[in-house]
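**Student:** prediction below, plus the sequence it came from.
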Amino acid sequence: MPSLGAAYSSMVQALADHYGQRKPVERTLSPFAGILAAGITRGGEKAEADQYLAALERAGLLQAESLAAVEPTELVDTLRDQGLTLPARSAVMLKRLAGWFAGRFPDEDDARDEAAWPTSRLREELTALRGIGQAKADAILLFGLGRPAYPVDRGTYRVLVRHGWIDPWADYDEVSQLLIHATDERTGELARLSDWMTAVAKDFCKQGSPRCQSCPLKPLLPEQGPLQPD
């Protein structure tokens, strides 16, 4: 059974053949808008994110200082008045995220300075914020700031375990680093891979009964068939 590194090029080609060359989400010009898009949606999905960003801009809340100062209930009501739903817990998370960003980057462009602000340091600070777990922090880093990170979700985990590319007991950081290494830290490829993994998990590698026969990754399964997470 080949390792992920050995199977990676075949996996990528199979996904590209099935789904087409899915393009990474275009990052917004503003680093803060980018992290908000990733915070609101799973991976900054453009169509959905654009609606929220436009609503925040109309409300004068697309600046970190302004969003950090607003009450979560007011944020929820402001978006509802524009036809958008935001859970209360997400409003609290965005407020905390805005406060962190405003304090960390008085000059917004500094957020893209990897030499001054290493990805590992930003990840530690993001995961220290209540309401932001490892996957959400990595989504913010990857889709919002263009940093080499991979948001490991349950779907990605299932695909990798069932193909024998990771152990069922592999921890989050181990899986994330494996994928970052496989892509040689290329952020565009990481974003595309995350997009593909989400799609194949949703379409085929379902939690209860995987649809292996029609899955584009079926040729890469172990001879004995898909392995099962514990």
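**Tutor:** Cool, the structure landed. Residues are numbered from 1 along each chain as shown.

**Student:** any idea how the chain splits into domains?
**Tutor:** 4-24+150-220, 31-145 (automatic domain parsing).

**Student:** want to throw the ones you listed into TSV with distance to residue 226?
**Tutor:** (Glycine included, C-beta is placed from N, CA and C.) Shown next, in TSV, are the domains of the chain (distance: least, C-beta to C-beta, whole Å):
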stretch	distance to residue 226
domain 4-24+150-220	4
domain 31-145	23
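
**Student:** got the ones you listed as CSV, with mean pLDDT and mean neighbour count columns?
**Tutor:** CSV is the format used below for those (pLDDT from 0 to 100; neighbours: other C-beta atoms under 10 Å):
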stretch, mean pLDDT, mean neighbour count
domain 4-24+150-220, 92, 17
domain 31-145, 91, 17
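
**Student:** nearest to residue 227, out of these?
**Tutor:** Comparison of the domains of the chain against residue 227 by C-beta to C-beta identifies domain 4-24+150-220 as nearest, at 5.4 Å.

**Student:** beyond the host helix or strand of residue 158, next helix or strand please.
**Tutor:** Taking DSSP states H and E as the definition, one finds residue 158 inside helix 154-162. In the C-terminal direction, the helix or strand that comes right after helix 154-162 (DSSP H and E) is helix 172-182.

**Student:** just want the angle from that next one to helix 154-162.
**Tutor:** 80 degrees (axes from the mean of the first three to the mean of the last three C-alpha atoms, to 10 degrees).

**Student:** hmm, residue 102 is touching residue 69, no?
**Tutor:** No: using C-beta atoms under 8 Å, residue 102 makes no contact with residue 69, being 9.2 Å away.

**Student:** name the nearest residue to the residue sitting nearest the centre point of the chain, ignoring sequence neighbours.
**Tutor:** In the chain, the residue lying closest to the centroid (C-alpha atoms, centre = their mean) is residue 139, at 2.9 Å. Computed as C-beta to C-beta, 6 or more residues apart in numbering, the closest residue to residue 139 that is not its neighbour in sequence is residue 151, at 4.1 Å.
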